[in-house]
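# Following is a predicted model, sequence given first.
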Amino acid sequence: MSEGNVIRGHKANLSNKGTSDESKENSLKYLQEHDPEEYPPHEGKSHSRQSSGSSTGSTSQDVESVTHGKDVGNVMRGLKATISNPNVSEEAKERAHEKLDVLEGAE
């Protein structure tokens, strides 16, 4: 089984309402080890973007940390879809808002 398939399986496990918290914790640990760009280790509510009150200086670095080299327009559309999706948790919507603010501030 390819590494990509394993990662996709763990991502699916995180969003599956039918799996246990223990299983989700194991998947999150795996993703933090094998896909650290998208799942940074020990990422909590005290995310580094909380302190970005002023958008001067490291704007391009912030954009890169949100887009991971992907098309900015596509990332913004995905974030907006996340925010408007009723099946997405409030915490995920809040993170999407924060990331969208970073991208909109760079325009």
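Thanks, I have it.

# list the contacts for the residue nearest in space to the middle of the chain?
Centroid-nearest residue in the chain, with CA atoms, centre = their mean: residue 38, separated by 5.8 Å. Residues in contact with residue 38 (CB atoms under 8 Å, 6 or more residues apart in numbering) are 31, 68. Quick note: C-beta positions are derived from backbone N, CA and C, even for glycine.

# try it again with 10 Å
Taking CB atoms under 10 Å, 6 or more residues apart in numbering, we find residue 38 in contact with 7, 11, 31-32, 68.

# for residue 97, same thing?
Counting by CB under 10 Å, 6+ apart, residue 97 has contacts 79-80, 82-83.

# Now tabulate these in JSON lines and tack on secondary structure and neighbour count.
Compiled in JSON lines, the contacts of residue 97 are given as follows (DSSP: H, G, I helix; E, B strand; the rest coil; neighbours: other CB atoms under 10 Å):
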{"residue": "79", "secondary structure": "helix", "neighbour count": "22"}
{"residue": "80", "secondary structure": "helix", "neighbour count": "13"}
{"residue": "82", "secondary structure": "helix", "neighbour count": "18"}
{"residue": "83", "secondary structure": "helix", "neighbour count": "15"}
